[in-house]
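[1] sequence unknown, structure follows:
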């Protein structure tokens, strides 16, 4: 054969190495959507069963019909950013599990603890739980002993008054008094886990910041208020090299933010976002939009306009997604054209049909 096209179903990580090798050899690799494979299995034999002989035929049929997409494997700084961002998300999930385990034990054995410390994973809280995880241990240590631990660690924000408060809470605790040794052991393990996850988070953020400095035109992007280097790094880690797209709407579709309608005959359903795209990219854009609405005056004005416009006002979540799309278009223009952030142009690009009518 002079020309070969290899079709793959991208489930898990199993296709990465083979696809990379084939592309390096100059062989075209295409991907078929696993959702399409699942839905089209019944076309041949009216059965949705999965077999190793049936699936390749289904995939080949989809490729033959042109129902495929070209794979994109990020390279250079974008590959590093994606891996580091994914590691950070995994670390955050593990930390959340550890926090939930800790809250479970404290709710059973020391329910008053949360009334003294707002955050269980704070440095002062972890130091105390490491030395005195249960009310009996706190009472035995006393306010002087607790304050000494914090002073030796040179902590600010906690002192003798807080120590007196936690001792008083321990003396009046209604927590369980059975199986204390098992509780001490697991709380000690969880404290070690939380300290390790916090340390890894700090290390990952340092690495992400150092790599994000190499993003093209990052100095221009960071000029407008409310968008930090980590937010930009998270967005671009999912997009990759944004210059490979010819227009911003393609990136919007990649994020699953393309608008789709549900209509038939006289029925006109709601217009919603497709959500057929990279879930983590939507999440990063959502977080970025929240920050901009809180800290950037121009984006705050855009958000309020979407909420209050006379023609088709949006509800809060839809308005937030509209702001996320606006953020995506701004980033696309700044990186591909090398332009600086222009607040006047940002507000001027809003379509206001009610003003034109007036």
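    On my side now, so go ahead. Small disclaimer: the values here were computed from a predicted structure and weren't measured. Numbering: from 1, shown residues only.
[2] so the nearest residue to residue 323 once chain neighbours are set aside is in which element?
    Nearest residue to residue 323 in three dimensions, chain neighbours excluded: residue 289, at 4.4 Å (CB to CB, 6 or more residues apart in numbering). For glycine as for every other residue, the C-beta is placed from the backbone atoms N, C-alpha and C. Per DSSP states H and E: residue 289 is located in helix 279-295.
[3] That helix: which residues count as buried?
    In terms of neighbour count (16 or more other CB atoms under 10 Å), helix 279-295 has its buried residues at 280-282, 284-286, 288-289, 291-293.
[4] Give me the average confidence score over it.
    When pLDDT is averaged over helix 279-295, the result is 94.
[5] picking that back up, isn't the residue nearest to residue 323 right up against residue 324?
    Yes: counting by CB atoms under 8 Å, residue 324 is a contact partner of residue 289 at 4.2 Å.
[6] what about the stretch 101-250 of the chain, any weak spots by pLDDT?
    Flagging of the stretch 101-250 of the chain using pLDDT under 70 yields an empty set of residue ranges.
[7] Counting neighbours, which bits of the following helix or strand past the helix holding residue 289 end up buried?
    For helix 279-295, the succeeding helix or strand toward the C-terminus, using DSSP H and E, is helix 297-308. If you call a residue buried by 16+ other CB under 10 Å, then helix 297-308 has these buried ones: 298-299, 302-303, 305-306.
[8] between helix 297-308 and helix 279-295, how big is the angle?
    Relative orientation of helix 297-308 and helix 279-295, computed by axes from the mean of the first three to the mean of the last three CA atoms, to 10 degrees: 100 degrees.
[9] Remind me what helix 297-308 packs against, helices and strands.
    Identification of packing neighbours for helix 297-308 by 3 or more CB pairs under 8 Å, 6 or more residues apart in numbering; DSSP states H and E yields helix 279-295, helix 316-337, helix 343-348.
[10] what angle separates it from helix 316-337?
    Counting by the same axes, to 10 degrees, helix 297-308 lies at 140 degrees to helix 316-337.
[11] List of residues touching helix 297-308?
    Under the criterion CB atoms under 8 Å, 6 or more residues apart in numbering, residues 224-226, 289, 292-294, 313-316, 318-320, 322-323, 326-327, 343, 346-347, 350, 352 lie in contact with helix 297-308.
[12] Perfect, that will be all.
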